[in-house]
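>>> predicted model follows, preceded by the sequence.
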Amino acid sequence: MTPLTSTVVQLKLSLLRNGLRRSGGRRAAYVASAVLVLLFAVLQLVGLIALRGHAHADSLVVVLMAVLGLGWAVMPLFFPSGDETLDPTRLVMLPLRPRPLVWALLTASLVGIGPLFTALLLVGSVVAVAHGTAAYVVAVVGVVLGLLVCVALARAVAAANIRLLTSRRGRDLAVLSGLVIAVGAQVVNFGAQRLGVSGLGELDPVADVLRWLPPASAVGAVDSVSEGAYGTAVAQLAVSAGVLALLVAMWTRSLTRLMTSPDASTLYGAEPAAREKGSAAGLARLLPGGRTGTVMERSLRYVWRDPKTKAAWVTSLAIGLIVPVFNALQGTGSIYFACFAAGMLGIQMYNQFGQDTSAFWMVASTISSARDAYVELRARALALLVITLPYATLVTVVTTALLGDWPKLPEALGLSLALLGAMLATGAWTSARFPYSIPQEGYKNVAPGQTGLAWIAVFGGMVAAALLCAPVIAATIWLNVSAGGDAWTWVLLPAGAAYGTAITLLGLRLAAPRTADRLPEILMAVSKG
């Protein structure tokens with residue numbers, strides 16, 4: 001080990017050790033997460049070894065390694081602060097050459113829970129498919145190549161995007177990491193259910209392609225040797241080694257550019273600002289005049305620019321589509337699951353003033369009567385409807401198409417519109433009655449000491465919204481169980497739309513006086529973050 005490599009490895013260990021010394025809570029969280037990850041890795045290792053001799057074990061481990069490589073590629077984009085050594089710009093002022101630094105950082109990348117987790121999965125995968133002395137010899141090479149490809153892939157991606165990851169957009173990506181995990185969990189759940197029904201044989205066509213893509217090709221080489229295809233195994237190992245060399249070369253090039261070129265982030269920001277100004281003018285022309293248009297534009301800007309608001313919206317949009325669509329694809333869905341989209345999007349009306357944080361004082365200074373508060377709340381509701389109304393309709397139509405139950409489209413859409421209206425009404429009232437602050441830094445969406453307020457506002461409002469929809473729900477049930485009622489279910493579409501509109505306007509009217517009377521309390525509550 002060269003002196004530089006030894007120094008970088010010691011630096012990695014020092015960063016880890018000093019980070020754990022900051023607080024007992026952080027140390028406990030790290031130890032707990034490490035134990036859980038290692039326990040999961042050991043269970044995976046045992047499970048993969050138990051697959052040894054299974055007819056389709058090779059397909060499973062190849063797909064598993066491909067997914068693992070994908071995880072190494074995308075994780076730096078969502079967790080750039082998880083490893084301090086991922087940012088090479090911290091080393092710019094040191095007299096270091098890029099090539100030796102690359103090998104030092106690559107060695108340091110092998111230190112940590114992630115590489116150990118990956119190594120255990122690689123060992124389990126090669127044991128599952130290795131048969132014979134030659135296969136075990138190739139397995140050693142395959143594990144080393146697979147692990148190096150994974151860490152080099154993460155390093156190359158991080159170095160190529162480090163300017164983005166340290167900018168505001170990079171912080172947006174970090175906030176959206178929860179969405180990626182949620183969507184990934186749904187995809188894994190869907191895939192596991194499909195495999196449980198049809199068996200591992202469905203993976204064979206996909207595995208035939210993935211076994212030539214690193215790091216899966218390193219495991220595929222072990223399986224090829226076990227089957228006596230030595231030429232194929234050599235080719236697969238050559239592909240892994242070639243991709244590793246390519247990743248190191250790309251990483252070196254990005255590192256050289258980062259350490260020799262000036263930071264042009266301030267120059268880059270000028271042009272987007274000009275484009276944003278032009279787009280803002282175009283957006284303003286499409287909105288109503290007066291206070292309504294101004295408030296709508298401000299709310300839509302929050303959706304586009306504020307990381308926490310953007311994360312909440314994207315998560316609601318994704319989950320609102322995933323739940324009904326995935327259930328429909330699995331054959332367990334119902335047309336009424338489409339209402340889930342309206343419910344998820346309607347939650348965005350809750351705690352409207354919390355996204356303003358301490359800047360709410362500027363909004364409060366413009367509200368002098370219940371009429372001003374009504375216009376403010378109405379404009380915020382209209383801004384939400386610009387997105388929620390077409391999206392809820394789209395989800396309902398897509399769910400109906402997947403289920404092939406077109407006669408029930410009007411009643412499902414009517415229920416969605418009624419639920420959306422009830423969510424807007426209760427959201428306006430809870431925004432005035434139970435406001436809470438949203439911290440701008442970190443991953444918490446509620447300021448300390450206000451968790452109870454958030455639970456009351458969101459879950460209490462959701463229960464109230466469901467109760468407010470009772471007339472439309474009762475009408476839907478009655479028409480579906482009564483004789484000849486199927487011929488009149490189309491009435492639920494205009495009835496649901498009218499009911500949703502009426503209940504929204506009523507909720508805004510009731511919330512406006514309370515908002516105007518509680519401006520100081522609202523400002524105090526939303527300023528705690």
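On my side now, so go ahead. Numbering: from 1, shown residues only.

>>> where do the domain boundaries of the chain fall?
Domain ranges of the chain: 24-259, 286-526, per automatic domain parsing.

>>> which stretch in these is the model least sure about?
Mean pLDDT across the domains of the chain is lowest at domain 24-259; the value there is a mean of 81.

>>> now do the helices in the stretch 1-150 of the chain.
All helices of the stretch 1-150 of the chain, identified by DSSP state H, counting those that start in this stretch, fall at 3-20, 24-50, 57-78, 98-108, 113-129, 133-160.

>>> and for the stretch 201-350 of the chain?
Going by DSSP H, counting those that start in this stretch, the stretch 201-350 of the chain shows helices at 204-210, 216-226, 230-260, 265-286, 290-305, 307-329, 339-346.

>>> would you reformat the ones you listed as JSON lines and include distance to residue 364 and mean neighbour count?
Using the backbone N, CA and C atoms, a C-beta is placed for each residue, glycine as well. Shown next, in JSON lines, are the helices of the stretch 201-350 of the chain (distance: least, C-beta to C-beta, whole Å; neighbours: other C-beta atoms under 10 Å):
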{"stretch": "helix 204-210", "distance to residue 364": "57", "mean neighbour count": "15"}
{"stretch": "helix 216-226", "distance to residue 364": "58", "mean neighbour count": "29"}
{"stretch": "helix 230-260", "distance to residue 364": "45", "mean neighbour count": "17"}
{"stretch": "helix 265-286", "distance to residue 364": "23", "mean neighbour count": "11"}
{"stretch": "helix 290-305", "distance to residue 364": "13", "mean neighbour count": "17"}
{"stretch": "helix 307-329", "distance to residue 364": "19", "mean neighbour count": "19"}
{"stretch": "helix 339-346", "distance to residue 364": "25", "mean neighbour count": "26"}
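
>>> now those as TSV including distance to residue 460?
Listed next are those as TSV, based on distance: least, C-beta to C-beta, whole Å:
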stretch	distance to residue 460
helix 204-210	46
helix 216-226	49
helix 230-260	50
helix 265-286	34
helix 290-305	23
helix 307-329	18
helix 339-346	14
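
>>> out of these, which is closest to residue 60?
helix 204-210 (7.8 Å; C-beta to C-beta).

>>> now that closest one, how far from the chain's geometric center?
Relative to its chain's centre, helix 204-210 lies at 27 Å (C-alpha atoms, centre = their mean, to the nearest Å).

>>> pull the CA atoms of it into PDB?
Extracted C-alpha coordinates of helix 204-210, given in PDB (Å, rounded to 0.1, in the frame of the first residue of the first chain):
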ATOM      1  CA  ASP A 204     -34.200 -16.500 -17.600                       C
ATOM      2  CA  PRO A 205     -34.700 -14.200 -20.600                       C
ATOM      3  CA  VAL A 206     -33.600 -11.100 -18.600                       C
ATOM      4  CA  ALA A 207     -30.700 -13.000 -17.100                       C
ATOM      5  CA  ASP A 208     -29.400 -14.000 -20.500                       C
ATOM      6  CA  VAL A 209     -28.900 -10.300 -21.300                       C
ATOM      7  CA  LEU A 210     -27.700  -9.100 -17.900                       C
END
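
>>> and it, what does it pack onto?
Packing partners of helix 204-210 (3 or more C-beta pairs under 8 Å, 6 or more residues apart in numbering; DSSP states H and E): helix 57-78.

>>> contacts only, for the closest residue to residue 349 other than its chain neighbours.
Distance criterion C-beta to C-beta, 6 or more residues apart in numbering; nearest residue to residue 349, sequence neighbours excluded, is residue 427 at 2.8 Å. Counting by C-beta atoms under 8 Å, 6 or more residues apart in numbering, residue 427 touches 346, 347, 348, 349, 350, 352, 461, 507.

>>> now intersect these with the strands, please.
For the contacts of residue 427, not one is inside strands, with DSSP state E as the criterion.

>>> returning to what we had before: so which of the helices of the stretch 1-150 of the chain gets nearest residue 416?
Of these, nearest to residue 416 by C-beta to C-beta is helix 57-78, at 31.5 Å.

>>> how far does that closest one sit from its chain's centre?
Here helix 57-78 is found 17 Å from its chain centre; the criterion is C-alpha atoms, centre = their mean.

>>> any idea how far residue 409 is from residue 403?
Distance of residue 403 to residue 409, computed by C-beta to C-beta, to the nearest Å: 10 Å.

>>> overlap of the contact sets of the two?
residue 335.

>>> ok so, going back, relative to residue 450, which of the helices of the stretch 201-350 of the chain is closest?
Using C-beta to C-beta as the measure, helix 307-329 is the one of the helices of the stretch 201-350 of the chain that comes nearest residue 450, at 14.6 Å.

>>> could you export that closest one as CSV, CA atoms only?
Extracted in CSV, the C-alpha atoms of helix 307-329 (Å, rounded to 0.1, in the frame of the first residue of the first chain):
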residue,chain,number,x,y,z
PRO,A,307,-37.2,21.1,-2.0
LYS,A,308,-39.6,20.0,0.7
THR,A,309,-42.7,21.1,-1.2
LYS,A,310,-41.3,19.5,-4.4
ALA,A,311,-40.6,16.2,-2.6
ALA,A,312,-44.1,16.1,-1.1
TRP,A,313,-45.7,16.7,-4.4
VAL,A,314,-43.6,14.2,-6.4
THR,A,315,-44.2,11.6,-3.7
SER,A,316,-47.9,12.1,-3.7
LEU,A,317,-48.0,12.0,-7.5
ALA,A,318,-46.0,8.8,-7.7
ILE,A,319,-47.7,6.9,-4.9
GLY,A,320,-51.2,8.1,-6.1
LEU,A,321,-50.4,6.4,-9.4
ILE,A,322,-48.5,3.4,-8.1
VAL,A,323,-51.1,2.0,-5.7
PRO,A,324,-54.1,1.8,-8.1
VAL,A,325,-52.0,0.8,-11.1
PHE,A,326,-49.9,-1.9,-9.4
ASN,A,327,-53.0,-3.4,-7.8
ALA,A,328,-54.7,-3.4,-11.2
LEU,A,329,-51.7,-5.1,-12.8
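
>>> so what angle separates the directions of it and helix 339-346?
180 degrees (axes from the mean of the first three to the mean of the last three C-alpha atoms, to 10 degrees).

>>> now do helix 307-329: which elements does it pack against?
Packing partners of helix 307-329 (3+ C-beta pairs under 8 Å, 6+ apart): helix 168-175, helix 177-198, helix 290-305, helix 339-346, helix 370-403.

>>> how far off centre is it?
Averaging C-alpha positions (C-alpha atoms, centre = their mean) puts helix 307-329 9 Å from its chain's average.

>>> pull out the buried positions in stretch 346-362.
By neighbour count on 16 or more other C-beta atoms under 10 Å, the buried set for stretch 346-362 is 346-357, 360.

>>> now, which of those sits nearest residue 61?
Distance to residue 61, by C-beta to C-beta, is smallest for residue 347 among the buried residues of stretch 346-362, at 40.7 Å.

>>> I figured that closest one was touching residue 459, is that so?
No - at 10.1 Å, residue 347 and residue 459 do not qualify as touching, with contact defined as C-beta atoms under 8 Å.

>>> overlap in contacts, the two.
With contacts defined as C-beta under 8 Å, 6+ apart, no residue is shared by residue 347 and residue 459.

>>> sorry, back to before: I'd like the domains of the chain laid out as a markdown table, including distance to residue 2.
Shown next, in a markdown table, are the domains of the chain (distance: least, C-beta to C-beta, whole Å):
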| stretch | distance to residue 2 |
| --- | --- |
| domain 24-259 | 7 |
| domain 286-526 | 38 |
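
>>> and of those domains, who's closest to residue 11?
So among the domains of the chain, domain 24-259 is nearest, using C-beta to C-beta, at 7.1 Å.

>>> relative to the whole chain's centre, how far out is the closest one?
20 Å.

>>> tell me who's in contact with residue 251.
With contacts defined as C-beta under 8 Å, 6+ apart, residue 251 is in contact with 102, 152, 155, 156, 159.

>>> let's see if you can find the most crowded of the residues you listed.
With neighbours taken as other C-beta atoms under 10 Å, the top of the contacts of residue 251 is residue 155, carrying 27 neighbours.
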